[in-house]
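>>> Build the 3D model from these lines:
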Amino acid sequence: MIFNPQTVFRRQPMVYIAIALITGVLLNEFLNASSMIPFIVVLLFVLFIIIRKWNSSYLLIILLMIILGFSLSSYKNDSFYKSLDEVKAFTEKPIEYSGIVVEENNYSSGQRFTLNNVQLKFENLHYNNNLKYFVYPKDQFIDNISIGDTLRGSGKWQLFNDIRNPGEYNFKRYYHIKRIAGRIYSKGNIQVYSNSNWSLKKSINNFRENVRSKLTAYSDAETAALLSALILGDRTHIDQDLRESFANVGVIHVL
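Here you go, the predicted structure:
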């Protein structure tokens, strides 16, 4: 049977459109301006070959989706780094903050919350933004907190560190891709305001907790921790030695 791309496109157009959109996003995330030049040359050469077999309208749709994905990702990146530049005024300052919990992680060394829609305050400076931040409580363990609850407290805001050693994994870039701007080391009492309303994120988190409990029940602790990291993205219980091994070979993002 001879492969006909036009026939496949007509039968499953959304697959091609989704792949093209994702391709545009990935191009913007992982290629810089200098590396785009040889890629564009190769892309044009490949498209010149394909255009002989494809209907020009199909090819135009694919190109538009790649451009759309690239443009949307570029717009989000520009907005993120613009907001990041504005919030740098709070670096290493004693701030007051409040934000909505979108993720909770418990480690042997303590807790970490990921907050969204954070409000920052330092003296006469006020800043509201949709960036995400890590919050690390100090000398306090917060029980019975749910996704969607609001945390309010005070502490010190910090940027992520740049790479210090050759070959070291670039956590700063990794967190920036996830739109996480920095971290707050909270001091004193943290106030929790519960949100009892239903939300999709809360339902997803409950589903993740159910899966995590099943993994723990039917496998040993080390295997359950690794599966939770690979399947759910929860590295809470990953052994430190294993974490460092993944980081040393540059694949910590797999966990």
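
>>> So which elements touch the helix or strand hosting residue 59?
In the assignment (DSSP states H and E), residue 59 maps to helix 56-87. Judged by 3 or more CB pairs under 8 Å, 6 or more residues apart in numbering; DSSP states H and E, the packing partners of helix 56-87 are helix 5-11, helix 13-30, helix 33-50, strand 180-193. In this view, the C-beta of every residue, glycine as well, is placed from N, C-alpha and C.

>>> and the last one with helix 56-87, angle?
By that I understand strand 180-193. Angle, strand 180-193 to helix 56-87, by axes from the mean of the first three to the mean of the last three CA atoms, to 10 degrees: 70 degrees.

>>> which strands and helices sit next to strand 180-193?
Helices and strands touching strand 180-193, by 3+ CB pairs under 8 Å, 6+ apart, are helix 56-87, strand 94-107, strand 132-136, strand 150-158.

>>> Specify the angle between the first one and strand 132-136 in degrees.
The one in question is helix 56-87. Going by the same axes, to 10 degrees, helix 56-87 makes 40 degrees with strand 132-136.

>>> For helix 56-87, which residues meet the burial criterion?
Across helix 56-87, burial judged by 16 or more other CB atoms under 10 Å covers 58-59, 61-62, 65-66, 69-70, 73, 80, 83-84, 87.

>>> That helix: how far from the chain's middle?
Computed by CA atoms, centre = their mean, to the nearest Å, the separation of helix 56-87 from the middle of its chain amounts to 17 Å.

>>> Same check on the third one?
Counting by CA atoms, centre = their mean, strand 132-136 is centred 13 Å from the centre of its parent chain.

>>> Tell me which strands that strand pairs with, and in which orientation.
According to DSSP bridges, strand 132-136 forms sheet pairs with strand 110-122 (antiparallel), strand 180-193 (parallel).

>>> which other residues reach the last one?
Okay, so that is strand 180-193. Outside strand 180-193, the residues that touch it by CB atoms under 8 Å, 6 or more residues apart in numbering are 80, 83-84, 87, 91, 95, 97, 114-115, 131-138, 140, 142, 145, 149-160.

>>> same deal with the shortest one?
Strand 110-122 is touched from outside by 87, 89-90, 93-106, 126-138, 141-142, 145, 151, 157, 180, 184, with contacts defined as CB under 8 Å, 6+ apart.

>>> The helices and strands packed on helix 56-87: lowest mean pLDDT?
When those are ranked by mean pLDDT, helix 33-50 comes last with a mean of 57.

>>> which strand residues sit across from residue 99 in the sheet?
residue 151.

>>> Around it, count how many other residues there are.
Using other CB atoms under 10 Å, residue 99 is surrounded by 23 other residues.

>>> what's near enough to touch it?
Residues in contact with residue 99, defined by CB under 8 Å, 6+ apart, are 115, 116, 117, 118, 119, 133, 135, 150, 151.

>>> So which of those residues is the closest to residue 171?
Closest approach to residue 171 among these (CB to CB): residue 133, at 14.8 Å.

>>> and that closest one, how many neighbours?
Around residue 133 there are 21 other residues, counting by other CB under 10 Å.

>>> And for residue 229?
Counted with other CB under 10 Å, residue 229 comes out at 19.

>>> quick check, it in a strand?
No: going by DSSP: H, G, I helix; E, B strand; the rest coil, the assignment for residue 229 is helix, not a strand.
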